[in-house]
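Participant: next comes the sequence, and after it the predicted model I'd like to discuss.
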Amino acid sequence: MATSPDSPIPPAAPASSDASTSSIPSASSASPTSPAAPFTKPLRPLLARGRDEEHRAATPLELFFDLCFVVAVAQAGAELVHAVAEGHAGEGVLNYAMVFFAMFWAWVNFSWFASAYDNDDALYRVVTLIQIAGVLVFAAGVSKGFQEHDFLLVWLGYLIMRVALTTQWLRVARAATGAERGTALRYAAGVLLCQVGWSGLLFLPEGARPWLFLVMAVAEMCVPVIAERAYTTAWHPHHISERYGLFTIIVLGETLAAATVAVKSGIEEHDALDELLPIAAGGLLVVFAAWWIYFVVPIHGRLRSNRQAFLWGYGHYVILGSAAAIGAGIEVAVEQAVGKAHISTVAASAAVTVPTALYLITVWALHSRYYKVGLAQQLVLPVSALAVLASTFAGRWAVLVAGLVAAATVATGVTLTTRMARRP
């Protein structure tokens, strides 16, 4: 669903011939399991849905899941603000990266499973609600994880989510046969083994925890690759792209909400409208541009194999993490402007410009570059990312300048697209 604002929509690309997936039996031909009227039969076999299923859209349960997840995103953002404003940016960013990966990966596991196997029966709903409870326990432990390096609640919330997910995979294994059953069992085993590995956060010394995080993050991302080596689950390209897009919208909405509260508090408590107006205007332009750039053209046409889809899906860790960090950066800039943050103007500006530039360049690298025509279009987002970084040194106007650069990026993309459309 994400591309740059400066390219026309091309015809769909031909199917991939990736060696890693060309010989894998696809579940796209499986008979779809209709979720209609779920309680006419409260318990049904958890069968694969069809990859070619028409009108596949996110369900109310999935949207509810996303909204509850944003509670944890908001907690992580608030702790990042506190750490950066107190001058502990390095430690804050490291903790944020670790906590956000755990949240992101739990969301990814649920979303891809639901895309392939959601039958919306009573048991599926109950297990998903248990996962939501795990999300809330996780969110309750974020502050202690940041401030006291106590990850007990974070680990417990993650355990609840992963045990629930394992239950879903075992339901699939019970209903499946052959290669599909093997895939489901490998998923269940991989999820549980990784959860055992995360237990090291409770026992290892603080200096070893970042290394454990790195090892476990790689292990988690290897589980789908290993599990699907002989059978490709029936995830739905359009549904997956919509799910990522909806979660991106929710994260950007949380960014605006957090920034609005920060600006409102600054004005009420410090009567600093003159200092905060440029930050508010620039932050709004940045978030509006981030939304525009992501949703210009749909991406589902490129998600034709596990290799393409996994790279795109994993890369959203950076997109979503940087999108949420933009809101935290705006809060830091507000606190610095009213004298509450113990950092320089340049450092406060960087809290906005660095995640903005990271967002722009990652969106370009993951998919917008595939829809570019010509060098001018290819350069729009990379040049914009560099210009946003340069705006860091614009003093108290840095956030406003970054916002103007982001708005100019959208305007440039629209202009180039219009000119391309007028050509014979």
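Facilitator: Cool, the structure landed. Residues are numbered from 1 along each chain as shown.

Participant: nearest residue to Ala230 other than its sequence neighbours?
Facilitator: Excluding its sequence neighbours, the residue lying closest to Ala230 (Cβ to Cβ, 6 or more residues apart in numbering) is Ala179, at 4.8 Å. To be clear about C-beta, it is placed using only N, CA and C from the backbone, and glycine gets the same treatment.

Participant: quick one, phi psi at Thr232?
Facilitator: Dihedral angles phi and psi of Thr232 (degrees, to the nearest 10) take the values phi -90, psi 120.

Participant: against Glu180, how distant is it?
Facilitator: Distance of Thr232 to Glu180, computed by Cβ to Cβ, to the nearest Å: 10 Å.

Participant: cool, and Thr59?
Facilitator: Between Thr59 and Glu180 the distance, using Cβ to Cβ, works out to 23 Å.

Participant: Val354 too?
Facilitator: Summarising the geometry, the distance separating Val354 from Glu180, computed by Cβ to Cβ, is 44 Å.

Participant: which one's more surrounded, these two?
Facilitator: Between Val354 and Glu180, counted using other Cβ atoms under 10 Å, Glu180 has the larger neighbour count: 22 against 19.

Participant: and the residue nearest to the more buried one when sequence neighbours are not counted, what pLDDT?
Facilitator: When the adjacent residues along the chain are set aside, Glu180 lies closest to Tyr231, with 5.2 Å between them (Cβ to Cβ, 6+ apart). Among the per-residue scores, Tyr231 holds a pLDDT of 90.

Participant: do Pro298 as well
Facilitator: Per-residue confidence at Pro298 stands at 71 (pLDDT).

Participant: could you look up the SS state of it?
Facilitator: When states are read from DSSP: H, G, I helix; E, B strand; the rest coil, the local structure at Pro298 comes out as coil.

Participant: that one is in contact with Tyr244, isn't it?
Facilitator: No. With the criterion set as Cβ atoms under 8 Å, Pro298 and Tyr244 do not qualify as a contacting pair; they are 11.1 Å apart.

Participant: more neighbours, these two?
Facilitator: Between Pro298 and Tyr244, counting by other Cβ under 10 Å, Tyr244 is the more crowded of the two (23 against 18).

Participant: I figured the more buried one hits His316, correct?
Facilitator: Yes. Applying Cβ under 8 Å as the test, Tyr244 and His316 come out as touching, 5.8 Å apart.

Participant: what stretches of this structure score poorly on pLDDT?
Facilitator: Confidence mapping of the chain against pLDDT under 70 gives the ranges 1-40, 300-301, 424.

Participant: and the helices in it?
Facilitator: 19-22, 60-85, 89-117, 122-147, 152-175, 178-198, 209-227, 237-270, 273-294, 306-337, 345-366, 375-390, 398-422 (DSSP state H).

Participant: closest to the centroid, which residue in this protein?
Facilitator: Leu320 (3.6 Å; Cα atoms, centre = their mean).

Participant: what sits closest to it if chain neighbours are left out?
Facilitator: Once its chain neighbours are removed from consideration, Leu320 has its nearest residue in Val251; the separation is 5.5 Å (Cβ to Cβ, 6+ apart).

Participant: just to revisit the earlier point, distance check, the residue nearest to Glu180 against Val261.
Facilitator: For Tyr231, the distance to Val261 equals 47 Å [Cβ to Cβ].

Participant: mind checking which of the two has more residues around it?
Facilitator: Higher neighbour count among Tyr231 and Val261: Tyr231, with 21 against 13, using other Cβ under 10 Å.

Participant: shouldn't the more buried one be in contact with Ala179?
Facilitator: Yes. Under the criterion of Cβ under 8 Å, Tyr231 lies in contact with Ala179, with a separation of 3.9 Å.

Participant: tell me how many other residues crowd Glu228.
Facilitator: Glu228, neighbours per other Cβ under 10 Å, totals 21.

Participant: I figured it hits Arg307, correct?
Facilitator: No. Under the criterion of Cβ under 8 Å, Glu228 makes no contact with Arg307, lying 10.7 Å away.

Participant: not counting its neighbours along the chain, what's nearest Val127?
Facilitator: Take Val127 and drop its neighbours on the chain: the residue closest to it by Cβ to Cβ, 6+ apart is Ala164, 5.0 Å away.

Participant: how many neighbours does the one you found have?
Facilitator: Taking other Cβ under 10 Å as the definition, Ala164 ends up with a neighbour count of 20.

Participant: Ala188 too?
Facilitator: A count of nearby residues for Ala188, using other Cβ under 10 Å, gives 20.

Participant: which residues are in contact with Ser344?
Facilitator: Counting by Cβ atoms under 8 Å, 6 or more residues apart in numbering, Ser344 makes contact with Gln336.

Participant: before we move on, back to that, nearest to Ala48, out of the helices of the chain?
Facilitator: Between Ala48 and the helices of the chain, the shortest separation by Cβ to Cβ is 6.0 Å, and it involves helix 89-117.

Participant: helices or strands up against the closest one?
Facilitator: For helix 89-117, the contact count by 3 or more Cβ pairs under 8 Å, 6 or more residues apart in numbering; DSSP states H and E identifies helix 60-85, helix 122-147, helix 152-175, helix 209-227, helix 237-270, helix 306-337 as packing neighbours.

Participant: and it, how far from the chain's centre?
Facilitator: 7 Å (Cα atoms, centre = their mean, to the nearest Å).

Participant: and it with helix 306-337, angle?
Facilitator: Going by axes from the mean of the first three to the mean of the last three Cα atoms, to 10 degrees, helix 89-117 is angled at 140 degrees with respect to helix 306-337.
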